[in-house]
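In: fold the following, please.
(one chain, ligands or ions: 2)
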Amino acid sequence: MGFKETRTIGLIGLGDMGLMYGRVLSEAGWNVVGCDREELFEETKHKLQYEKFKLVKNGFEVARVSDYVLYSVEAENIAKIVRLYGPATKVGAIVGGQTSCKVPEIEAFEEFVPADVDIISLHSMHGPKVDPTGQPLVVIPHRVSKDENKKFIEEVVSEFKSKVVELSAHEHDKITADTQAVTHAAFLSMGKAWGKIDTYPWTAARWIGGIENAKTNIALRIYSNKWHVYAGLAITNKFAHHQMLQYSKSTTELFTLMVQGQKDELRKRLMSARNYVFKDILDNPQHELLLDDDLLLQFSLANMPPNSENSNSHLSLLAIVDSWFQLQMVPYNHIICSTPLFRIFLGVTEYLFIKDGLLDAAIDCAIDDYRFRRDDLEFTLATRTWSSVVRYGDYKLYQKEFEETQSFFQPKFAEANRIGNEMIRTILQKVKERDTK
Ligand SMILES: NC(=O)C1=CN([C@@H]2O[C@H](COP(=O)(O)OP(=O)(O)OC[C@H]3O[C@@H](n4cnc5c(N)ncnc54)[C@H](OP(=O)(O)O)[C@@H]3O)[C@@H](O)[C@H]2O)C=CC1
Ligand SMILES: O=C(O)C(=O)Cc1ccc(O)cc1
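Out: Residues are numbered from 1 along each chain as shown. Ligands and ions are numbered 1, 2, ... in the order given. Just a heads-up that it's a prediction; the model follows:
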């Protein structure tokens, strides 16, 4: 008999990700048990009554019977929860986590789980509503005493049809700081800036256009989610602090050049960044751009037509390329371990920096068009806010800042998510077609 017939998978935490795992694995025929918070047992039982996996009261009951225990809980609480249930892990079993930052998660396992238990962590690089097929799924085989244990997890993971990437916890955290954390910082800052100027971007003519749609849809997607996912991912990842600080620094320095009217200096700085980050594309004129304005134009929340004359300083996109340059990081090297949001962010940025005339139009706009000054000022302040909150590790302040902006956008989430999902589906399909060419 194989692993499927003889082994049990245990899930601690049945929120968005735990539930997605529970569904996929139980549908595939695995024996799955899971729990959420014990105090909410009756409520959870009612909510999950039609699921194929077995619900038990708490992590002790999961740990006692499971051959692989996967913790899908808030990153902030991982150590506390592993400390509670970890010692109950079955002799010779395997533990892993789904939190977005791996060094602290692995440290918790090393500290609180018995030495006869192996540690193999996972990270699906996408949200719970994205089809896992073809998306990166990171496997971290940190402590493996038997080959058989690794084979068991490989079989479990194969059910998601994702692209498996094996990394160490350290490599994972470095890459996700470079990709996810800074991507979130950019969109969180856009949303905060729009909230502060009290304007929904799709109601103002200056923000109507394809690139603007991508910015708006992704920012709203992030704000419609749970704050703790973004807080945990950035605060627990020490590399992310540095990245977010650089993003804020780049934003501030570029904005300063804009308000001081130093066009030549601004252009020189951006061209150096462009030549470094997009070197391979610039050397290969055949390169097919992932995104273009026409594709993105269809995903609009606005009721008004786009204005072909429209430009924007695109400070958020200029600053990301400047950050990559300052940190000497080539984002394409991280594609193997990237999320859909990062790839879209990179696609939009690539479009702005490579498509003829667009970067120059953004620079002209940054220097001469005062309509964006207030937006850009608020954006600069917002990047500073997020980088400080993350650096000082203040979860409460993170939550307050996040929820303030979240409530501003609340009335638009249903529609924005519908359009955002469609946009992401279309773009992912396009990527698949390009990759199979
Ligand atoms: N959402 C996403 O897009 C992704 C998230 N992740 C990571 O996965 C992890 C889970 O995220 P997600 O599922 O979105 O978050 P959720 O908040 O939806 O799920 C976490 C669940 O764990 C429960 N929980 C908390 N304490 C315990 C406990 N002691 N015993 C059992 N259950 C407990 C929570 O209950 P309560 O709400 O009452 O606290 C909640 O239901 C996070 O670390 C996140 O960073 C990884 C990839 C993608
Ligand atoms: O794609 C993104 O960046 C998301 O926002 C979804 C997400 C959130 C947390 C993760 O650990 C992985 C994916």
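
In: from residue 30, how far out is residue 5?
Out: Separation of residue 5 from residue 30 (Cβ to Cβ, to the nearest Å) stands at 10 Å. Heads up, the C-betas are built off the backbone N, CA and C, glycines and all.

In: these two: who's more crowded?
Out: residue 30 (21 against 9; other Cβ atoms under 10 Å).

In: show me what from the chain comes close to ligand 1.
Out: With Cβ under 6 Å from any ligand atom as the criterion, the chain meets ligand 1 at residues 12-18, 35-37, 59, 72-75, 77, 81, 98-100, 124, 127-128, 226, 229, 232-233.

In: so which of the residues you listed are in strands?
Out: 12, 35, 124 (DSSP state E).

In: give me every residue that touches the second one.
Out: If a contact means Cβ atoms under 8 Å, 6 or more residues apart in numbering, then residue 35 has 11-14, 41, 55-59, 61-62 as its contacts.

In: which of the residues you listed sits closest to residue 343?
Out: residue 13 (26.9 Å; Cβ to Cβ).

In: count of residues packed around that closest one?
Out: Neighbour tally, residue 13, other Cβ under 10 Å: 26.

In: so residue 430 is in contact with residue 292, correct?
Out: No: at 10.1 Å, residue 430 does not count as touching residue 292 under the criterion of Cβ atoms under 8 Å.

In: how about whichever residue of the chain sits closest to ligand 1, nearest residue that isn't a chain neighbour?
Out: Proximity to ligand 1, evaluated over the chain using Cβ to the nearest ligand atom, is greatest for residue 15 at 1.8 Å. Take residue 15 and drop its neighbours on the chain: the residue closest to it by Cβ to Cβ, 6 or more residues apart in numbering is residue 72, 6.6 Å away.

In: any idea which helix or strand comes after the lowest-mean-pLDDT helix or strand in the chain?
Out: The helix or strand of the chain with the poorest confidence is helix 293-297; it has a mean of 71 (mean pLDDT, DSSP states H and E). Going down the chain from helix 293-297, the next helix or strand is helix 315-326, by DSSP states H and E.

In: show me what the following helix or strand past that next one is packed up against.
Out: Next in sequence after helix 315-326, counting helices and strands by DSSP H and E, comes helix 340-354. Secondary-structure packing of helix 340-354 (3 or more Cβ pairs under 8 Å, 6 or more residues apart in numbering; DSSP states H and E): helix 182-196, helix 210-223, helix 279-283, helix 315-326, helix 358-368, helix 413-436.

In: could you list the buried residues of the third one?
Out: So that's helix 279-283. Of the residues in helix 279-283, residue 281 count as buried by neighbour count, 16 or more other Cβ atoms under 10 Å.

In: how distant is it from the center of its chain?
Out: 26 Å (Cα atoms, centre = their mean, to the nearest Å).

In: OK, now which residue of the stretch 251-400 of the chain is nearest to ligand 2?
Out: For the stretch 251-400 of the chain, Cβ to the nearest ligand atom, closest residue to ligand 2: residue 339, 3.1 Å.

In: now that residue. Its backbone dihedrals?
Out: phi -100, psi 160 (degrees, to the nearest 10).

In: would you confirm that it contacts residue 125?
Out: Yes: the pair residue 339 / residue 125 is scored as a contact, 4.9 Å apart, by Cβ under 8 Å.

In: those two: which is more packed in?
Out: residue 125 (27 against 21).

In: was I right to think the more buried one contacts residue 132?
Out: No: with contact defined as Cβ under 8 Å, residue 125 does not count as touching residue 132 (9.4 Å).

In: ok so residue 121 is a strand residue?
Out: Yes: using DSSP: H, G, I helix; E, B strand; the rest coil, the assignment for residue 121 is a strand.

In: count of neighbours near it?
Out: 25.

In: repeat for residue 33
Out: Neighbours around residue 33, by other Cβ under 10 Å: 22.

In: give me the phi and psi for it.
Out: Residue torsions, per degrees, to the nearest 10, at residue 33 are phi -120, psi 150.

In: what's the closest non-adjacent residue to residue 241?
Out: residue 391 (4.8 Å).

In: low-confidence ranges, this protein, go.
Out: By pLDDT under 70, the low-scoring segments of the chain are 205, 207-208, 293, 297-310, 431, 434-437.

In: and it, split by domain according to the record?
Out: Residue ranges for the domains of the chain, per automatic domain parsing: 3-167, 171-435.

In: distance of residue 206 relative to ligand 2?
Out: Going from residue 206 to ligand 2 by Cβ to the nearest ligand atom, to the nearest Å gives 27 Å.

In: what parts of the protein come near ligand 2?
Out: So the chain meets ligand 2 at 100, 125-127, 180, 183, 222, 229, 233, 339-341 (Cβ under 6 Å from any ligand atom).

In: inside helices: which ones of the residues of the chain next to ligand 1?
Out: 16-18, 59, 81, 229, 232-233 (DSSP state H).

In: may I have stretch 362-370 as PDB, with CA atoms only?
Out: In PDB, the C-alpha atoms belonging to stretch 362-370 read as follows (Å, rounded to 0.1, in the frame of the first residue of the first chain):
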ATOM      1  CA  ALA A 362       6.700  59.700 -17.200                       C
ATOM      2  CA  ILE A 363       9.800  61.900 -16.600                       C
ATOM      3  CA  ASP A 364       8.200  64.900 -18.400                       C
ATOM      4  CA  CYS A 365       5.100  64.400 -16.300                       C
ATOM      5  CA  ALA A 366       7.100  64.100 -13.100                       C
ATOM      6  CA  ILE A 367       8.800  67.400 -13.700                       C
ATOM      7  CA  ASP A 368       6.100  69.500 -15.500                       C
ATOM      8  CA  ASP A 369       2.700  68.200 -14.500                       C
ATOM      9  CA  TYR A 370       1.700  69.500 -11.100                       C
END
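
In: most centrally placed residue in this structure?
Out: Centroid check for the chain by Cα atoms, centre = their mean gives residue 180 as the closest residue, at 4.4 Å.

In: ok, it touching residue 233?
Out: Yes: using Cβ under 8 Å, residue 180 is in contact with residue 233, at 6.2 Å.

In: which neighbours do the two have in common?
Out: Joint contacts of residue 180 and residue 233 (Cβ under 8 Å, 6+ apart) are residue 100.

In: format the residues of the chain next to ligand 2 as a markdown table; extra columns: distance to residue 269.
Out: Formatted as a markdown table, the residues of the chain next to ligand 2 follow (distance: Cβ to Cβ, whole Å):
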| residue | distance to residue 269 |
| --- | --- |
| 100 | 32 |
| 125 | 31 |
| 126 | 34 |
| 127 | 34 |
| 180 | 26 |
| 183 | 22 |
| 222 | 28 |
| 229 | 33 |
| 233 | 29 |
| 339 | 28 |
| 340 | 30 |
| 341 | 26 |
